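Q: Take a look and give me a structure for this.
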Amino acid sequence: MDRGSFIQALESKRLDMADYLTIDGLLYHRDTRKPVTGVIETSIAGAMRTSERATYKNGEKTGLWEEFYENGVLKVRGNYKNNLPEGLWDYWDEDGKRLGGLDYIDGVSKHVK
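A: Predicted structure coming up:
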């Protein structure tokens with residue numbers, strides 16, 4: 001992704017991705033060096049649509065994660081646990097037709113559904 005913006009939903013405030021940094025797979029506020037907790041939405045610069053929505057706790061991806069096509073249609077939905085994909089991840093095409101899913105255990109895909 002080119003330059004983008006983050007929206008921290010809990011604060012309802014538009015933030016630039018330059019305000020964050022990733023260290024050892026964890027997301028931190030650049031100015032305070034505190035790990036991020038909350039829902040972060042990424043949008044492509046100049047676009048009003050969300051391209052990615054992720055939930056963080058203490059800098060780790062945890063809980064619901066979604067990615068969207070440029071037309072706003074959901075592309076991928078799954079959950080993270082301890083910064084790793086966990087459980088069923090569903091995939092859709094640009095028209096919203098479900099393509100299938102992958103089942104993850106501790107970040108490793110076990111089988112296709």
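Q: ok, Tyr56 - contacts?
A: Shown in contact with Tyr56 (C-beta atoms under 8 Å, 6 or more residues apart in numbering): 27, 35-40, 62. Every C-beta, even on glycine, is put in place using the N, C-alpha and C of the backbone.
Q: For Arg77, state which of those is nearest.
A: Nearest to Arg77 out of the contacts of Tyr56 is Val39 (C-beta to C-beta; 14.1 Å).
Q: Pairing partners for whichever strand or helix holds the closest one, with directions?
A: Following DSSP states H and E, one finds Val39 within strand 38-44. Strand 38-44 sits in its sheet next to strand 4-8 (antiparallel), strand 50-57 (antiparallel), going by DSSP bridges.
Q: and the residue nearest the centre of the chain, how far is that from Val112?
A: Nearest to the geometric centre of the chain sits Ala54, at 3.2 Å (C-alpha atoms, centre = their mean). For Ala54, the distance to Val112 (C-beta to C-beta, to the nearest Å) stands at 23 Å.
Q: do the same with Leu26
A: Taken as C-beta to C-beta, the span from Leu26 to Val112 is 30 Å.
Q: Which one's more surrounded, the two?
A: Using other C-beta atoms under 10 Å, the more surrounded residue of Leu26 and Val112 is Leu26, with 15 against 8.
Q: So what sits opposite the more buried one in the bridge?
A: Ile23.
Q: again, but for Ile40
A: Gln8, Ala54.
Q: That one - how many residues pack around it?
A: Close neighbours of Ile40, defined as other C-beta under 10 Å, add up to 21.
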